[in-house]
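[1] Structure for this input, please:
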Amino acid sequence: MQTHSIIYSLFLIFVGCAITATLALWARQALIVGYIILGVLLGPWGLAWVDDTALLADIAEIGIMFLLFMLGLNLAPQKLLFLLKKTTIVTIITSISFSLFGVVVALAFGFSWLDTLIIGFSAMFSSTIIGLKLLPTTVLHHRHTGEVIISVLLLQDLIAIAVMLWLGAQSAESSTIGDAAMIVISLPAIIGVAWLGEKYLLLRLIRKFDRVQEFIFLLAIAWCLGIAQLAHAAGLSYEIGAFIAGITLATNPIALFIAESLKPVRDFFLVLFFFAIGANINLVTAIANWLPALILAAGLLVLKPIVFRFALDRVSESPKLAWETGWRLGQMSEFSLLIVFLALEHQLLSADAANVVQLATVLTFIGSSSWIVMRFPTPAALSDGLRRD
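    As a prediction, this is how the structure comes out:
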């Protein structure tokens, strides 16, 4: 198979995404649907016009990092702690419920106990990208609905990181207890380093050169990627590091300028992320496992709004907020795909089980994003009455 240059691949991706995005809007679908379908068509299991999907997946991960960095920019630490306290019980109830459903589906189709466990883990989470990308800016930053969704997603992300560390420990010589201790030590250490760096280095540079917008833009990207790399080196994820980098700047007045400046960069990488998801789907093996994937996807699309409605009612949230939160978090997650990739890398998951999770995740992405665009306010809503910035 011939590997094309990255320039040619980007040409195919962005010209193709412009076309499929247009078709998606005409068909009353979310733009994300067009990106995923194009990945399936042009990827190595389709026409194979874009075959270096590993490189594209690495590039696309930067989009997730920028998304969480910008989220941190708009969330003060004191507010974050308050929200996490309130939604901890909600996240625990919902995560256990969705995991048990995944386990039941896997057992019904005769998967091994380890396959079943990993499928159950994969069903726990909702997509940070879809949850935040389809949330209007006014809701994300200034309304209680956005606050609840953010806090639930952050807790889910922490659980996902713990699951991935557990998977890595299954094939490593180090013990699970050792890995857990590493998290306990690394997380506060990274927070401390980021806080000191922001206070004694970053803020001084910003105050001195705040009139040079190009420098502030460059400094923000360097800060995001630097703390992300530091977190990765300490055994955490790039995404957690990027979020810590953002939240240390949240109380600075320049945070709003940085967030606005980085929006085009974030969107560029997120297009690549969703294309890479589609490109990694093996159509032949996916079709062979279509039934368990369809049942898992359909069940979660129905179950998640109901369970979130029940759980949020227990912490005295309004029925309207509870239902909207449930629908917006009604899909599986990019972390579901990352868990599968890690399990395959360590030979802990069968190919059939991996195909079930991958196909189910994409189906929930398509189903959930389409429903949100049709029924709730989003930046890309199909109705003028629902379209919000």
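
[2] Show me the shaky parts of the chain.
    1-4, 28, 53, 74-80, 83-84, 137-142, 165, 168-184, 379-389 (pLDDT under 70).

[3] Chain neighbours aside, what residue packs nearest to the residue nearest to the spatial centre of the chain?
    The centroid of the chain falls nearest to residue 128 when counting by C-alpha atoms, centre = their mean (3.7 Å). Take residue 128 and drop its neighbours on the chain: the residue closest to it by C-beta to C-beta, 6 or more residues apart in numbering is residue 153, 5.0 Å away. Every residue, glycine included, has its C-beta placed from N, CA and C.

[4] Next one: that neighbour from residue 129, what distance?
    To residue 129, residue 153 is 10 Å away according to C-beta to C-beta, to the nearest Å.

[5] Let me know the next secondary structure element after the helix or strand encompassing residue 81.
    In this assignment (DSSP states H and E), residue 81 forms part of helix 77-108. Later in the chain than helix 77-108, the nearest helix or strand by DSSP H and E is helix 113-123.

[6] Tell me the buried residues in that next one?
    Neighbour counts using 16 or more other C-beta atoms under 10 Å place 115-123 of helix 113-123 among the buried residues.

[7] Next: stretch 131-151.
    The neighbour-count check on stretch 131-151 (16+ other C-beta under 10 Å) flags 131-136, 139-141, 145-151 as buried.

[8] Among those, which one sits closest to residue 266?
    residue 133 (9.1 Å; C-beta to C-beta).

[9] right, and the closest one touches residue 67 too?
    Yes. Judged on C-beta atoms under 8 Å, residue 133 makes contact with residue 67 at a distance of 7.5 Å.

[10] Give the residues shared as contacts by the two.
    Common neighbours of residue 133 and residue 67, using C-beta atoms under 8 Å, 6 or more residues apart in numbering, are residue 270.

[11] neighbours of residue 127, just the number please.
    Applying other C-beta atoms under 10 Å, we find 27 residues neighbouring residue 127.

[12] cool, residue 6 as well?
    For residue 6, the count of nearby residues is 13 (other C-beta under 10 Å).

[13] Tell me the buried residues in the helix or strand harbouring residue 207?
    Assessed by DSSP H and E, residue 207 sits inside helix 203-209. By neighbour count with 16+ other C-beta under 10 Å, helix 203-209 contains the buried residues residue 206.

[14] tell me which strands and helices that helix is in contact with?
    On a contact count with 3 or more C-beta pairs under 8 Å, 6 or more residues apart in numbering; DSSP states H and E, helix 203-209 meets helix 213-233.

[15] Now do the helix it packs on: everything it contacts.
    Against helix 213-233 from outside (C-beta under 8 Å, 6+ apart): 62, 65-66, 69, 186, 190, 193-194, 197-198, 202, 205-206, 209-210, 237-242, 244-246, 248-249, 254, 257-258, 261-262, 265.
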